[in-house]
Structure formats: structure tokens, C-alpha cells
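Trainee: generate a structure from the sequence data that follows.
(2 chains)
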Number of protein chains: 2
Amino acid sequence: MHTIKDVAKIAGVSTSTVSRALSGNIPVNDDTKKRVLDAVKQLNYKPNFLAKGLKEGRSNAIGLIIPDIRNPIFPALARGVEDTARSNGFNVIFSNSDENIENEINSVNMLKNRWVDGFIFATASLDCQHIHQLREENIPVVLMVRNIEESFDAVVTNNFEASYNAVKYLIDRGLKKIAIINGRLSLSLYRERYEGYKKALEDHGIDFSEEICFNCSMANGNCYEVVKNYFSTHRDVDGVFATNDSKAIEAIRAIKDVGLRVPTDISVIGFDDIQISALLDPQLTTVAQPLYDMGKLAVEKLIKIINEKSKRKKKPQIDVVKSELVIRNSTI
Amino acid sequence: MHTIKDVAKIAGVSTSTVSRALSGNIPVNDDTKKRVLDAVKQLNYKPNFLAKGLKEGRSNAIGLIIPDIRNPIFPALARGVEDTARSNGFNVIFSNSDENIENEINSVNMLKNRWVDGFIFATASLDCQHIHQLREENIPVVLMVRNIEESFDAVVTNNFEASYNAVKYLIDRGLKKIAIINGRLSLSLYRERYEGYKKALEDHGIDFSEEICFNCSMANGNCYEVVKNYFSTHRDVDGVFATNDSKAIEAIRAIKDVGLRVPTDISVIGFDDIQISALLDPQLTTVAQPLYDMGKLAVEKLIKIINEKSKRKKKPQIDVVKSELVIRNSTI
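Mentor: Sure, this is the predicted structure:
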């Protein structure tokens, strides 16, 4: 069997140039590349990066565990992760957990067995014993979007502040009774968005009312029905802060279906700025999370930890990126 | 270093039970699993599935190469791929190529080096020398959604027939002048949809006119502008067949922005049935591709080829799945 040295000898270059030419990650000039590829062909040389990884104790692969790639915030995150991983010579193995803890544990085990160098999770529920376990085993972990406790490295957005600003915007536009459509409070991001909402009301002398805090999680279902039920018998609310764009889209449909107009009768603000939000009618005013950049940042953070692995168990660092309000046509 | 035999001995089970308990893929009863995990802990045993893969000549990983996970048809396909791969003990490494042939070749090389057992491509352009090369090297390949020539195994939808039926539906509703918004004709799926459109017109005695065949590809850009330009000076078209939902969504916005109504003035039909299409206003009438099932089928096909690898280079099989017209509110 031929080795990389044989290829280098025939191509008349160093072994590291062969390595660069074959990895496809670092550019080498076309002529050199051709010489290397000709030599590879001549010798029928098969580089085995896995065997190399085994020897070096790393795989250059990372595991990305998300609830569901079909949830519209995850494609942009996943793309940020994959682009950044690839440009650093890492591959991304992705797995969908459906927010089910058993699925998540199974995926973690499967990927551990496959020997990834680290994990990115965007799935956090309070039950995170398996993530603590990874830390115990000195396997690098970064949380993305969804944070759990303060015990892990994470990339999140400024949920409290961004929500505060979104609700303040509605108040500044003269709205007096603003409902919130929220998700599961067991997720810190929804708790923080809820706190931002409440604080904005409080700071501007607007009474908080439990009655117009709607909770629409996957569990208690259909946001459309919840909003439609309320608005078919109540006409007092003039603003809605939805804690994600999918909820905002369902709310707008429900509001229209009871014969009210957006934004003339009711203004609606979302959160996320998923791709479709700019294409709706009306186009959605929303808090834009820099999803692609969050994915990018999470990978950069993870690779840094992988490279520093010996200095283990530092204090976790939580990076907070800034979301911005994007004003479109769903608010007056 | 301890081996799987040591674990099996302490747990009092067979090595294959240890293997099953650790893989997380095949259920074993809780008591057995606990005994295995206790033994693993006691011995600090680290199973190394990669080393095992190296020995057995397979990695149980597949490469999924798509243009961009943010393109709304790919999340459902990717989910179908990942679910099915995982339930068969395979991991999915995904890579975005942006329909750029160099990116695609780089990704293929990177994944080949990582030693995946096979590839699924949804990126096909005519320049597919690298895919032929994979076949030469006896690396299993399945194409998904986008077909190239007839030389590869593939899972595609009945583009011609489904398009024919969509256009026929518009004709049956009494529409007389039906435009098409199409993508790059270098992709077979757009050629087939175009042929279906033309044949439906022909069979129903409607003249074909190049003037209302709009071409909106990533390259010549903005579908919104193309449609808006035409409709701001022409009021004769009463139906639009858009060859994907994104184009349909842009067309509807353009039609509204020149002061026409959908569907009262112009009916619009899309193709794909992406998640958002049911949430639009009006909700989109469209051809529903069974995206999740196509992903599932592509993986099943690929794993079958991987398992049969010795009997190489059979005649390629192209599976055609059925898309169905979903009638909503964007057509009269």
C-alpha cells in the first residue's frame, strides 16, 4: 500500500502540500494540485483521514443536535454551523431530536460512538443530565439559541432586551392593551422574552393581565385556535407580541379570520425573522435574530474548545448576540 | 485496555447484547441495559465504532449534498433522510454546495476522505463528472429530487404528469391565458415541468406563447420584478403556473402590488407544497411533492446499494413518486 510520502515524491512536493491539495479546504495552485492528483491516480493512493483521526485522537467531525430541521429557525442556524465547520476542516453530522429527551440521548450515544470531537445543542430542556455527562467525559459542548442554566458554554440572543424593545415599540406607537403569545416557560428563552414583555409594560405604566398571556407550545397546541377563540369574543386588545414568527403568522391568520385587520385593528410583532416573514401579507414586523451568525459563532467557540481541550473545565462563557427590531407592515 | 468481551463477561450477557445496548439503535430491556452500562462504567470501557468501521470497511455514515438547507424544500427532505438513516444505524453528514460545482467537488472529496459509505445528491447540474467518478470508484450514489441523465439511481417526482394536471386544472376552471414561471432549463425537473405545461395547453387547444414563459433562476434573479414588469403593462393573463412555491409567493406579491387580485383576477398555482404555503394569504394551491418520503426512499435505496456493494454497476433504477395537486385559495 502506498503512503502520502510516495505521492509527495512522485508529485515533487512536500507531504503537507499533498495533504492540502487533497483536503480541498486550503487552496493550492492549479498546477501543483494537478501534479498531486496525477500522482494519486498513478499510485491509486487512498488517503484515510479516519485512520489518521484515530491516530491523532480526533475525528474533525462535530455533532449538531436540533429539535427539527423543519422548524424554520434551524435551516439558517444549521447553514451557519456547516459553512463555518467546513471552512475549518470539520464535517457536521446532524440529528433531529423532536425535543424528546430519549431521542436526544440516543443521538448523543450514537455520535459519541462515532467519536465526534464535540457537540452543538439547540435542544435544551431542563432535563440535561446527558449534557452534564458529556462535560464529565471532557467532550466539548456548546449550546446554541437555547440556554440551560449557566453551566455550559452558549451562544444566545439578548432575549430580555430585544423583547423589551419590541413591546416598547408597540407602546410608543400608542397601543394600550398588548397581548403576548408565548412558548413553554421551561425554556429560558421564553422566560426571558416574557420578562422583557412584563418589564416594558411596567416601565410604561401599563397594567399586566394574565388573561392576555397566551401560551402556545407544541404540547398545548394550536396557536391559531387559542388566538381565534379569544378575539372572537374580545375586541379590546390592540397589539400582540408573539415570541416567535410562526406564532405571529398563526395569530395574523386568526385575527383576519374573525374579521379584524392587521395592523389597522391589531398590530402584531414576531420574533426570529425567518425567511418567509418578509414575504407575508402584511410583511411581518419582527425581532431579527442573527441566526446564521449564531451558528457561525457556536462553531468557532466549539472548535476553540476542541483545540484547547487539555485545559479543561473552565468557567463557561455565554456569548450574547444582539437581535434587532425590523419594522415592516404588521404594526401601525 | 478493556474490550467488549470484558464488558460482556461482567454484565453476564453476550457481546452482541453489549453492542446493541451501546448502539442505542436497537432496544434492549432496561435491566440488561443497566447491567451493561454499569460494566462499561466499572471498566471505563470506550467502544470505538470508528475503529470497528475501519476494520469492517464501512463507516455507517452517509453524505448528503444539497444546494442550501435554507431553500424551503430541503428541510423536509433532510429530515426524511436523517430519520431513516438513524433508524438504520447510519449518521448523516450534510453539506451545502450553493449549486457551485467547485464547492460540490470539495465537499465530495472531504467526505470521501472521511470515508462515508455512500452519497445522496440533490444538487444535480449537467456538470457531474465527480458523480460519475464516484461510480467508477464503486461508491454508492443516489440522486434525490433532481435527476441527471439516466445514468444514476434516483428518487424523483412525476414532474411532467403533475405539471400537466396542474395546468389542466386551471384550464378546467375556465382560464384562457396561462403563464409559466420556470427555473433553469438545465435542470431536468424544470424541463419536465415545462413540457407538462406545454402539453396541457396543446391538448386543450390553447396557444402556447413564449412571451408569457418567464424564466426566474437564481442567476437571472428576481421573480418579483419579472412578474411585476409584465403585469404592470399587460392585463390579459388569467392564470399563472409557477414551477416552485417560492416563485409562486413572489408572483402573488407582484400581482397584488400592481393592483390585481389573487385569485379573482389571476389564479396562481405553485409546486412543492412547502410548509409556509398553507399559511399564506391566500393559501396557495400547489402540487405537493412528498418531500419527507422522497428523503426516506432515497436513504432506503442507498442503504440497499451499500449492503449489496459487491454486485456492482447494475442498471440504474429511477423511482418516480407521485405528487398531488392540493387545492387551496389562490385559484378560482
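
Trainee: now the residue in the stretch 201-332 of chain A that chain B sits nearest to: how far from residue A:326?
Mentor: Closest residue of the stretch 201-332 of chain A to chain B, C-beta to the nearest C-beta: residue A:276 (4.7 Å). No exception for glycine: its C-beta is placed from N, CA and C like everyone else's. Here the criterion is C-beta to C-beta, to the nearest Å. By it, residue A:276 lies 13 Å from residue A:326.

Trainee: neighbour count: those two, which is higher?
Mentor: Neighbours were counted for residue A:276 and for residue A:326 using other C-beta atoms under 10 Å in any protein chain shown; residue A:276 has more, 22 against 16.

Trainee: let me see the contact set for that one.
Mentor: A:72, A:245, A:249, B:72, B:249, B:276 (C-beta atoms under 8 Å, 6 or more residues apart in numbering or on different chains).

Trainee: what are the contacting residues of stretch A:247-263?
Mentor: Outside stretch A:247-263, the residues that touch it by C-beta under 8 Å, 6+ apart are A:181, A:183, A:216, A:222-225, A:227-228, A:231-232, A:235, A:240, A:242, A:265-266, A:268-271, A:276-277, A:280, A:282, A:284, A:286, A:329-332, B:276, B:279, B:281.

Trainee: filter the residues you listed down to the buried ones and express that as a ChimeraX selection.
Mentor: To isolate the buried subset of the contacts of stretch A:247-263 in ChimeraX, counting by 16 or more other C-beta atoms under 10 Å in any protein chain shown, use the following:
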select /A:181,183,216,223,224,227,228,231,240,242,265,266,268,269,270,271,276,277,280,282,284,286,330,331,332 /B:276,279,281
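
Trainee: pLDDT value on residue A:7, please?
Mentor: On the pLDDT scale, residue A:7 is placed at 84.

Trainee: also the one 4 residues further on?
Mentor: At residue A:11, the predicted lDDT confidence score is 90.

Trainee: please tell me how far it sits from chain B.
Mentor: 16 Å (C-beta to the nearest C-beta, to the nearest Å).

Trainee: and for that residue, the neighbour number?
Mentor: Residue neighbour count, defined by other C-beta under 10 Å, stands at 23 for residue A:11.

Trainee: that one against residue A:19, yeah?
Mentor: No. Counting by C-beta atoms under 8 Å, residue A:11 stays clear of residue A:19, with 11.7 Å between them.

Trainee: so which of the contacts of stretch A:247-263 are in strands?
Mentor: Residues of these located in strands (DSSP state E): A:181, A:240, A:242, A:268, A:269, A:270, A:271, A:286.

Trainee: now do the contacts for the first one.
Mentor: Same thing as residue A:181. By C-beta under 8 Å, 6+ apart, the contact set of residue A:181 is A:214-216, A:223, A:226-227, A:240-243, A:247-248, A:251.

Trainee: with the third one instead?
Mentor: Under the criterion of C-beta under 8 Å, 6+ apart, the contact partners of residue A:242 comprise A:180, A:181, A:248, A:251, A:268, A:269, A:270, A:271.

Trainee: now it: closest residue in space, sequence neighbours ignored.
Mentor: residue A:248 (3.7 Å; C-beta to C-beta, 6 or more residues apart in numbering or on different chains).

Trainee: where's that neighbour, which helix or strand?
Mentor: Using DSSP states H and E, residue A:248 falls within helix A:245-257.

Trainee: what do you get for residue A:120?
Mentor: Using DSSP H and E, residue A:120 maps to strand A:118-121.

Trainee: what pLDDT, on average, does that strand get?
Mentor: Here the average pLDDT along strand A:118-121 is 95.

Trainee: so what's the residue count around residue A:85?
Mentor: Using other C-beta under 10 Å, residue A:85 has 25 other residues around it.

Trainee: next: residue A:210.
Mentor: 5.

Trainee: wait, what's in contact with it?
Mentor: With contact set as C-beta under 8 Å, 6+ apart, residue A:210 has no partners.

Trainee: and for residue A:188, the neighbour number?
Mentor: Neighbour count of residue A:188, defined by other C-beta under 10 Å: 18.

Trainee: pretty sure it is in contact with residue A:145, am I right?
Mentor: No. When contacts are counted by C-beta under 8 Å, residue A:188 is not listed as touching residue A:145 (10.4 Å).

Trainee: picking up where we left off before, give me the neighbour count for the residue nearest to residue A:242.
Mentor: Neighbour tally, residue A:248, other C-beta under 10 Å: 28.

Trainee: what does the stretch 151-300 of chain A have sitting close to chain B?
Mentor: Within reach of chain B by C-beta under 8 Å from any C-beta of the partner chain, the stretch 151-300 of chain A has these residues: A:249, A:250, A:253, A:256, A:275, A:276, A:279, A:280, A:281.

Trainee: farthest pair within the residues you listed?
Mentor: A:256 and A:275 (21.5 Å; C-beta to C-beta).

Trainee: isn't residue A:66 right next to residue A:94, touching?
Mentor: Yes. Under the criterion of C-beta under 8 Å, residue A:66 makes contact with residue A:94 at 6.9 Å.

Trainee: overlap in contacts, those two.
Mentor: residue A:78.

Trainee: residue ranges with poor pLDDT in chain A?
Mentor: Within chain A, the stretches with pLDDT under 70 are A:1-2, A:22-26, A:44-57, A:114, A:124-125, A:218-221, A:309-313.

Trainee: which residues in it form helices?
Mentor: Ranges of helices in chain A, per DSSP state H, are A:4-11, A:15-23, A:30-43, A:49-56, A:74-87, A:101-114, A:129-136, A:159-172, A:188-203, A:223-233, A:245-257, A:291-307.

Trainee: now stretch A:267-284, how far from the centre of its chain.
Mentor: In terms of C-alpha atoms, centre = their mean, to the nearest Å, the centre of stretch A:267-284 is set 18 Å apart from its chain centre.

Trainee: quickly list what residue A:118 is bridged to.
Mentor: Following DSSP bridges, residue A:118 is listed with bridge partners residue A:62.

Trainee: that one contacts residue A:63, correct?
Mentor: Yes. The pair residue A:118 and residue A:63 passes the contact test of C-beta under 8 Å, sitting 7.4 Å apart.

Trainee: now do the contacts for residue A:118.
Mentor: By C-beta under 8 Å, 6+ apart, residue A:118 lies in contact with A:62, A:63, A:139, A:140, A:141, A:142, A:302, A:303, A:305, A:306.

Trainee: quick revisit: of all the helices of chain A, which one is nearest residue B:103?
Mentor: Among the helices of chain A, helix A:74-87 comes nearest to residue B:103, with 9.0 Å by C-beta to C-beta.

Trainee: what is the neighbour count of residue A:317?
Mentor: 13.

Trainee: revised request: answer the last question for residue A:307.
Mentor: Neighbour count for residue A:307, taken as other C-beta under 10 Å: 12.

Trainee: tell me the buried residues within the contacts of residue A:118.
Mentor: Among the contacts of residue A:118, those classed as buried by 16+ other C-beta under 10 Å are A:62, A:63, A:139, A:140, A:141, A:142, A:302, A:303, A:305, A:306.

Trainee: what's the farthest-apart pair in the contacts of residue A:276?
Mentor: In these, two members sit farther apart than any others by C-beta to C-beta. They are A:245 and B:249, at 15.3 Å.

Trainee: one step back: then the helix holding residue A:248 to PDB, C-alphas only?
Mentor: Extracted in PDB, the C-alpha atoms of helix A:245-257 (Å, rounded to 0.1, in the frame of the first residue of the first chain):
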ATOM      1  CA  ASP A 245     -42.600  34.300  13.900                       C
ATOM      2  CA  SER A 246     -44.600  31.000  13.500                       C
ATOM      3  CA  LYS A 247     -46.900  32.100  16.300                       C
ATOM      4  CA  ALA A 248     -47.200  35.600  14.800                       C
ATOM      5  CA  ILE A 249     -48.200  34.100  11.400                       C
ATOM      6  CA  GLU A 250     -50.800  31.900  13.000                       C
ATOM      7  CA  ALA A 251     -52.100  34.900  15.100                       C
ATOM      8  CA  ILE A 252     -52.400  37.100  12.000                       C
ATOM      9  CA  ARG A 253     -54.400  34.400  10.200                       C
ATOM     10  CA  ALA A 254     -56.700  34.000  13.300                       C
ATOM     11  CA  ILE A 255     -57.200  37.800  13.600                       C
ATOM     12  CA  LYS A 256     -58.100  38.100   9.900                       C
ATOM     13  CA  ASP A 257     -60.500  35.200  10.200                       C
END
